[in-house]
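Chemist: Here's a sequence, model it:
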Amino acid sequence: MRSKTSTLCCTRFLWLLMPLLALGAGTVSADGWWWDDEPQPQVQVAEPFIEWHTGPASAYPVIRVSEKGEWLTLLMRKTQWFKVQDDHGREGWVHIDDLLLTLDGQGEQITLSRPRFDDFSSRNWEAGLMMGQFEGGTVTSLYGGYGMTENLSVELSGSQVLGSASEILMINGNLVHQPFPYWRVSPFFTLGGGQIYIKPKATLSQPGDRTNWTAHAGLGLRVYLADRYFLRAEFKDYKIFTNRETDEEATEWKVGLSVFF
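Modeler: The predicted model follows:
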């Protein structure tokens, strides 16, 4: 049973991870996705040729090439890839390394920013998907956060725990303190609270469903990877306030992938 539950959770985790990766690939960069409020920039090919792909990744097939002297219009950007259009209205995707070798209208080599660690340390928003253990059950969590200052941020998270005795749903609000935001491997501390909904398995002789308030404290690490992605790991200690003589306690650890923008 535990093996089946773990397989189900891993499958759900992979399905949830795909839109997160797409979000990171399509995040607005310093240069922006679109140039709607100003003339779309044009560049001139300076190398013998540059390749066009059908999509914003090297795995997409090459559909055509632009030769030296041709002009291309930049339409939109997805991290390392730009959608371009030629004078005939044909569109495709070109890698930033190729565009950095093109020229602008004044004949100067163009400059384009890349998502980098400096952007990570000054981020405003982040979102992530995490997986781990909550009191022996497999937990999957989604969260989003907003940075109020360099050191303080607020987060909202939702979690599902699949255990042998019950299914648990949680929603939590967190205040996160990151004392060293400019470190590539940066520790953080968190305090927060929320609600927990516990539904015992129908086959067990257990009390009925219940909802309780919770409070938690924790610590963790953010590790910058590349582009707009970073690894996040955390440990939390929960206090569950019940109507019984004593409150309950629980521990949780999670590891996951996050994207900033």
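Chemist: Strands of this structure, start to end?
Modeler: For the chain, the strands identified by DSSP state E occupy 42-44, 49-53, 62-67, 71-78, 81-85, 91-95, 125-134, 137-147, 152-162, 166-177, 185-200, 210-226, 229-241, 248-260, in order along the chain.
Chemist: In TSV, list the ones you listed along with distance to Gln109, mean pLDDT and mean neighbour count.
Modeler: Yep, even glycine has a C-beta here, placed from its N, CA and C like the rest. Below are the strands of the chain laid out as TSV (distance: least, C-beta to C-beta, whole Å; pLDDT from 0 to 100; neighbours: other C-beta atoms under 10 Å):
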stretch	distance to Gln109	mean pLDDT	mean neighbour count
strand 42-44	10	90	20
strand 49-53	14	93	18
strand 62-67	16	92	14
strand 71-78	15	87	19
strand 81-85	15	90	21
strand 91-95	15	93	19
strand 125-134	32	94	20
strand 137-147	34	94	19
strand 152-162	38	95	18
strand 166-177	41	95	17
strand 185-200	35	95	17
strand 210-226	24	94	16
strand 229-241	28	96	18
strand 248-260	29	94	18
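Chemist: Identify the bridge partners of Gly220.
Modeler: With DSSP bridges applied, Gly220 shows beta-bridge pairing to Phe188, Glu234.
Chemist: Quick check: it touching Ala233?
Modeler: Yes. The criterion here is C-beta atoms under 8 Å, and Gly220 meets it with Ala233 at 5.6 Å.
Chemist: returning to what we had before: what would the strands of the chain look like in TSV with distance to Gly107?
Modeler: Converted to TSV, the strands of the chain look like this (distance: least, C-beta to C-beta, whole Å):
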stretch	distance to Gly107
strand 42-44	8
strand 49-53	17
strand 62-67	17
strand 71-78	12
strand 81-85	19
strand 91-95	20
strand 125-134	38
strand 137-147	40
strand 152-162	44
strand 166-177	48
strand 185-200	43
strand 210-226	32
strand 229-241	36
strand 248-260	36
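Chemist: between those, which one is nearest to Leu101?
Modeler: When the strands of the chain are ranked by distance to Leu101, counting by C-beta to C-beta, first place goes to strand 49-53 at 7.5 Å.
Chemist: sorry, back to before: which of the strands of the chain sits closest to Asp104?
Modeler: Smallest distance to Asp104 across the strands of the chain (C-beta to C-beta): 6.3 Å, for strand 42-44.
Chemist: helices or strands up against the closest one?
Modeler: Packed against strand 42-44, as judged by 3 or more C-beta pairs under 8 Å, 6 or more residues apart in numbering; DSSP states H and E, are the following elements: strand 71-78.
Chemist: and with 10 Å instead?
Modeler: Under the contact definition 3 or more C-beta pairs under 10 Å, 6 or more residues apart in numbering; DSSP states H and E, strand 42-44 sits against strand 71-78, strand 81-85.
Chemist: For Gly132, which of the ones you listed is the nearest?
Modeler: Ranking the helices and strands packed on strand 42-44 by their distance to Gly132 (criterion: C-beta to C-beta) puts strand 71-78 first, at 30.1 Å.
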